[in-house]
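> Here is my input, please return the structure:
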Amino acid sequence: MNIYLVGGAVRDALLQLPVYDRDHVVVGATPEQLLQQGYQQVGKDFPVFLHPRNKHEYALARTERKAGSGYTGFICDFSPEVTLEEDLRRRDLTINAIAQNEQGELIDPYGGVADIQARLLRHVSDAFGEDPLRVLRVARFAARFHHLGFTLAPETQALMTTMAAGGELTTLTPERVWKETEKALASDNPQVFFNVLRDCGALAVLFPEIDALFGVPGPKAWHPEIDTGLHTMMALKRATELGATLPCRFAALCHDLGKALTPSEKWPSHHDHGELGIAPIQALSGRLKVPTDYKELAILMSRWHICLHRLAQPAPQQAGTILELMDHTDAWRKPARFAELLLCAQADLQGRAGFQHHPYPQRERLWQWLRELKQVTAQPFVAQGLKGPAIGEAIRMARREQLEQWLTQGSSPENKVN
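Residues are numbered from 1 along each chain as shown. Model prediction:
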């Protein structure tokens, strides 16, 4: 029995990145042998075991043979005769098909070390084409390692294009698609994930609402990059740079979906695209089973981002609009979500060619106004004897009067709120 460290732990060590998960492959052993040594078996599909002391994962070496559609249609062989090279051959990318023995020596039968040095994402064998999930995994790795200069090998790009056209991507479950997407959104360059999928034709299959944005023009004065799909990728990248949460990044991704539904004869104008965008957000979220908080923030962003942009220099008559914004977004009870909405709006404005450093004063201003206006509570109106709906109306009027005063005087509570 021989044990090897494999996969991401070896890859990340060679890239001088932090190593978090340590997976091992066991060659020449049976499940019974590992159980006798105190390993704990986990999972039903594959014989994976937890080490009795460090709880790292140890999997028996295996081969896979395609026997059906999708990413689950495989027959696996876990016999002790399976070699290390055979096990590594079934892996997706060469950079993930490097093993290290207990003496620290590397076993690299498929050129993974050379591809790491060349910053190349290359599939190990034709078996890659049997698993549609690997298209998403490669796109995610491209996003994750983009900052290191990794690119796709031409032959891997070609294979992914063939896979996307072959129909197998439709066999992926919503849960698996969303899991890979969420991991990609968590990277420093999530836009690369969607660009890679688009380049191979997978975006149109899995994210048709996003794919439809490419080729849709925007007004040159406000969108020098012209293309709405390109702007969406820039807004997503800018949201990431601003430290956006994952729901906020998803909202940036979806904020302009309505532009693909506006009348093409009126382009580059996109009247009412915010409201039009709600239906595709709901469709995308429902199909992929996107978490509710992601979907809700995306809908709010679609509906309100134009309004937020128009509040750069608010006038007194906009006090009612500002209160409507805060009421509709439930900012009083969910201020953290409101803060995310404001950040996302900033990312939208700055995610344009030449606008990266354009000021967005309404983000700080609206946040400070919300904090101050939240201090207007029911207590003094109850003391005056008001009851029921009259209390809510009094609170609203008091907040509006305060807003109008700030807007008329051109002042804000910024200097007196910590």
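
> Find the residue at the geometric middle of this protein.
Nearest to the mean C-alpha position of the chain, by CA atoms, centre = their mean, lies Leu185 at 2.1 Å.

> State the pLDDT value of that one.
Per-residue pLDDT puts Leu185 at 98.

> OK, contacts around it?
Contacts for Leu185 were tallied using CB atoms under 8 Å, 6 or more residues apart in numbering; they are Phe193, Leu246, Arg249, Phe250, Leu253. Where C-beta positions appear, they are placed from N, C-alpha and C, glycine not excepted.

> now Phe355
Contacts of Phe355 by CB under 8 Å, 6+ apart are Pro224, Leu349.

> can the contacts of Leu185 go into JSON lines with extra columns for neighbour count?
Output for those, formatted as JSON lines (neighbours: other CB atoms under 10 Å):
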{"residue": "Phe193", "neighbour count": "27"}
{"residue": "Leu246", "neighbour count": "18"}
{"residue": "Arg249", "neighbour count": "28"}
{"residue": "Phe250", "neighbour count": "29"}
{"residue": "Leu253", "neighbour count": "29"}
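
> possible to save the residues you listed as TSV with pLDDT and secondary structure?
Below are the contacts of Leu185 laid out as TSV (pLDDT from 0 to 100; DSSP: H, G, I helix; E, B strand; the rest coil):
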residue	pLDDT	secondary structure
Phe193	98	helix
Leu246	98	helix
Arg249	98	helix
Phe250	98	helix
Leu253	98	helix
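
> Could you dump the residues you listed into a markdown table and include distance to Thr292?
Converted to a markdown table, those look like this (distance: CB to CB, whole Å):
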| residue | distance to Thr292 |
| --- | --- |
| Phe193 | 22 |
| Leu246 | 13 |
| Arg249 | 16 |
| Phe250 | 12 |
| Leu253 | 16 |
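
> any idea which of the residues you listed is closest to Pro52?
Closest approach to Pro52 among the contacts of Leu185 (CB to CB): Leu246, at 35.6 Å.

> nearest spatial neighbour of that closest one, skipping sequence neighbours?
Leu185 (5.2 Å; CB to CB, 6 or more residues apart in numbering).

> for Leu308, same thing?
Nearest in space to Leu308, with sequence neighbours left out and distances taken as CB to CB, 6+ apart, is Ala345 at 4.2 Å.

> The host helix or strand of the one you found: which residues count as buried?
Element membership for Ala345, per DSSP states H and E: helix 335-350. Neighbour counts using 16 or more other CB atoms under 10 Å place 335, 337-350 of helix 335-350 among the buried residues.

> Could you list the buried residues of the next helix or strand along the chain from it?
Later in the chain than helix 335-350, the nearest helix or strand by DSSP H and E is helix 361-373. Buried residues in helix 361-373, defined by neighbour count with 16+ other CB under 10 Å: Gln362, Arg363, Arg365, Leu366, Trp367, Gln368, Trp369, Leu370, Glu372, Leu373.

> Could I get those in JSON lines, plus columns for distance to Ala319?
Listed next are the buried residues of helix 361-373 as JSON lines, based on distance: CB to CB, whole Å:
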{"residue": "Gln362", "distance to Ala319": "14"}
{"residue": "Arg363", "distance to Ala319": "18"}
{"residue": "Arg365", "distance to Ala319": "13"}
{"residue": "Leu366", "distance to Ala319": "12"}
{"residue": "Trp367", "distance to Ala319": "17"}
{"residue": "Gln368", "distance to Ala319": "15"}
{"residue": "Trp369", "distance to Ala319": "10"}
{"residue": "Leu370", "distance to Ala319": "13"}
{"residue": "Glu372", "distance to Ala319": "14"}
{"residue": "Leu373", "distance to Ala319": "11"}
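
> and the nearest residue to Thr245 once chain neighbours are set aside, what does it touch?
Closest residue in space to Thr245, ignoring its immediate chain neighbours: Glu340 at 6.0 Å, by CB to CB, 6+ apart. Contact analysis of Glu340 by CB under 8 Å, 6+ apart lists Ala244, Thr245, Pro247, Cys248, Ala251, Leu297.

> how near is Glu340 to Val124?
Using CB to CB, to the nearest Å, one obtains 40 Å as the distance from Glu340 to Val124.

> And for Glu81?
Glu81 is 20 Å from Val124, by CB to CB.

> Repeat that for Gly28.
Using CB to CB, Gly28 is found at 22 Å from Val124.

> Which helix or strand lies directly C-terminal to the lowest-mean-pLDDT helix or strand in the chain?
Lowest mean confidence among the helices and strands of the chain (mean pLDDT, DSSP states H and E): strand 74-77, at a mean of 71. Later in the chain than strand 74-77, the nearest helix or strand by DSSP H and E is helix 84-89.

> Mean confidence (pLDDT) on that next one, please.
Computed over helix 84-89, the average pLDDT equals 95.

> what's whichever helix or strand comes after it packed up against?
Later in the chain than helix 84-89, the nearest helix or strand by DSSP H and E is strand 99-100. Packing contacts for strand 99-100, counted by 3 or more CB pairs under 8 Å, 6 or more residues apart in numbering; DSSP states H and E, involve strand 2-6, strand 106-107.

> go with 6 Å
When contacts are defined as 3 or more CB pairs under 6 Å, 6 or more residues apart in numbering; DSSP states H and E, strand 99-100 sits against strand 2-6.

> Dump the strand it packs on to CSV, keeping only the CA atoms.
The C-alpha trace of strand 2-6 is given here as CSV (Å, rounded to 0.1, in the frame of the first residue of the first chain):
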residue,chain,number,x,y,z
ASN,A,2,1.4,3.4,-1.0
ILE,A,3,-0.1,6.8,-0.1
TYR,A,4,0.3,10.0,-2.1
LEU,A,5,-0.6,13.6,-1.5
VAL,A,6,-2.6,14.8,-4.6
